[in-house]
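>>> What follows is a predicted structure for the sequence shown.
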Amino acid sequence: MSKGTGVFAAPKVVRSHHLLQISCAGLAALVLSVFLAVSVGAVSISMETVWGVLANKLVPGLVEPSWSVGRENILWQIRLPRALLAIMVGAGLSIVGACLQSVTRNPLADPHLIGISAGGAFGAVLALLHTGLFLGTLTVPLLAFLGALGATFLVIGVARFTSATSADRLVLTGVAVSFVLMAGANILIFLADPRATHSVVYWMLGGLGLAQWGHLMYPLVVLVLCGGWLWLRAGYFNAMTIGDETATTLGISVSRFRLETFVIGALITGVMVAFSGMIGFVGLMVPHIVRLFVGGDYQRLIPISALFGAIFLLLADVAARTLMKPEDMPIGIITGLLGGIFFIWLLREKRWRAATCQSG
């Protein structure tokens, strides 16, 4: 794809003050979204109570409690960890989606495209239906992560065996591995007790109900380290977006960097999927929306995608908890509905751009 054509057009110039405005607006929206997420649900909590509980947790005894212990536990033990997990999952999936769209030069690339979610699903099904919770509440996330990691190595192994290191063939390898792993997960479901399959179905539809303070450290560390690694290579992604030939002339080992990106993206996706289930389309939608505001420069695209991805998943979780309250709708239903509509729009937009380039 040549520079300036297709969905990945030449990066537009974004002035520093404009970027600062977008960043400040995004941070303000993130803070407001957090307060909204912890205050609404089956049990409504007033903003005054939210401020009071948070102030007392930061500085014990600062505010005289006027709320019940039950509301304090709902806010501090359930909703706030859930909101923080939504921030990390949304940010992580958005970063991975943006980077995969560069190294594959495929505007429809998504973290789930390379088989990672299918591997996580296989591990989670194994834990929920066959091995039992032998490590307590960490069993499902741990086996889901190991499944996702195994899927990554399987994709890389198959790619090397078939010499499929080009962008298109790596994606096809990931799709093939995804089908095989999902077939394996379905076999595990078929062989299990039908009465126990409800929990598996809920996990595969995506949800943030497993959020606990003690577990948040794992996605946070992976997001900071792996996200930082990707951000420091923003120049590489800019070159890869233009084409392999350009990247090669700039001294980038294209095949090696593409595989490294797949592995790092798999680590992020695997950890996020392990704690949230299969939440799709976040990595597809958010980077494209962000490009409309900050252009295609990955130095800006990666952190702003993380910010807007966090906001998007927070608001999606609010919708999932309020549309059918007191029941929690799986968040994957919300993102899947929005993602499907966005996918159709993106296909239409891609076709329109291609027609415009040909007519020009």
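Everything's here; your move.

>>> and the next element down the chain from the helix or strand containing Ala239?
Assigning secondary structure by DSSP states H and E places Ala239 in helix 234-242. Scanning forward in sequence from helix 234-242 by DSSP H and E, the next helix or strand is helix 244-249.

>>> hang on, the earlier thing: can you list the helices and strands that the helix holding Ala239 packs against?
helix 80-103, helix 244-249, helix 254-276, helix 298-322 (3 or more Cβ pairs under 8 Å, 6 or more residues apart in numbering; DSSP states H and E). Glycine gets a C-beta too; all of them are placed from N, C-alpha and C.

>>> Format these as TSV; extra columns: distance to Leu188 and mean neighbour count.
Shown next, in TSV, are the helices and strands packed on helix 234-242 (distance: least, Cβ to Cβ, whole Å; neighbours: other Cβ atoms under 10 Å):
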stretch	distance to Leu188	mean neighbour count
helix 80-103	24	27
helix 244-249	39	14
helix 254-276	17	24
helix 298-322	26	24
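
>>> For those, please prepare a markdown table with the additional fields mean pLDDT and distance to Ala167.
Compiled in a markdown table, these are given as follows (pLDDT from 0 to 100; distance: least, Cβ to Cβ, whole Å):
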| stretch | mean pLDDT | distance to Ala167 |
| --- | --- | --- |
| helix 80-103 | 95 | 7 |
| helix 244-249 | 88 | 8 |
| helix 254-276 | 87 | 7 |
| helix 298-322 | 95 | 16 |
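
>>> list the buried ones in stretch 326-344?
328-336, 338-339, 342-343 (16 or more other Cβ atoms under 10 Å).

>>> And for it, what's in contact with it?
By Cβ atoms under 8 Å, 6 or more residues apart in numbering, the surrounding residues in contact with stretch 326-344 are 42, 108, 202, 204-209, 276-282, 284-285, 288, 313, 316-317, 319-321, 323.

>>> Helix, strand, or coil at Pro65?
coil (DSSP: H, G, I helix; E, B strand; the rest coil).

>>> For it, give me its contacts.
So Pro65 contacts Gly52, Asn56, Glu72 (Cβ under 8 Å, 6+ apart).

>>> most neighbours, which of those?
Neighbour tally across those (other Cβ atoms under 10 Å): the maximum, 19 neighbours, falls on Gly52.

>>> element containing that one, please.
Going by DSSP H and E, Gly52 is part of helix 47-58.

>>> what packs against the helix or strand harbouring Leu142?
Leu142 belongs to helix 139-161 when elements are defined using DSSP H and E. For helix 139-161, the packing partners by 3+ Cβ pairs under 8 Å, 6+ apart come out as helix 116-126, helix 167-191, helix 254-276.

>>> between those helices, which gets nearest to Thr137?
helix 254-276 (10.5 Å; Cβ to Cβ).

>>> Check which helices and strands the closest one is in contact with.
Counting by 3+ Cβ pairs under 8 Å, 6+ apart, helix 254-276 packs on helix 80-103, helix 116-126, helix 139-161, helix 167-191, helix 217-232, helix 234-242, helix 244-249.

>>> for the fifth one, the distance to its chain's centre please.
Centroid separation for helix 217-232 versus its chain: 13 Å, with Cα atoms, centre = their mean, to the nearest Å.

>>> likewise the third one?
On the basis of Cα atoms, centre = their mean, helix 139-161 is displaced by 17 Å from the centre of the chain it belongs to.

>>> what angle do the host helix or strand of Thr197 and helix 167-191 make?
Using DSSP H and E, Thr197 falls within helix 197-204. Computed by axes from the mean of the first three to the mean of the last three Cα atoms, to 10 degrees, the angle separating helix 197-204 from helix 167-191 equals 160 degrees.

>>> Give the other helices and strands that helix 197-204 contacts.
Contact here means 3+ Cβ pairs under 8 Å, 6+ apart; on that basis helix 197-204 packs against helix 116-126.

>>> Identify whichever of the helices and strands packed on helix 254-276 lies nearest to Ile302.
So among the helices and strands packed on helix 254-276, helix 217-232 is nearest, using Cβ to Cβ, at 4.8 Å.

>>> when you check the buried residues of stretch 326-344 against the helices, which ones overlap?
Per DSSP state H, helices hold the following members of those: Ile331, Gly332, Ile333, Ile334, Thr335, Gly336, Leu338, Gly339, Phe342, Phe343.
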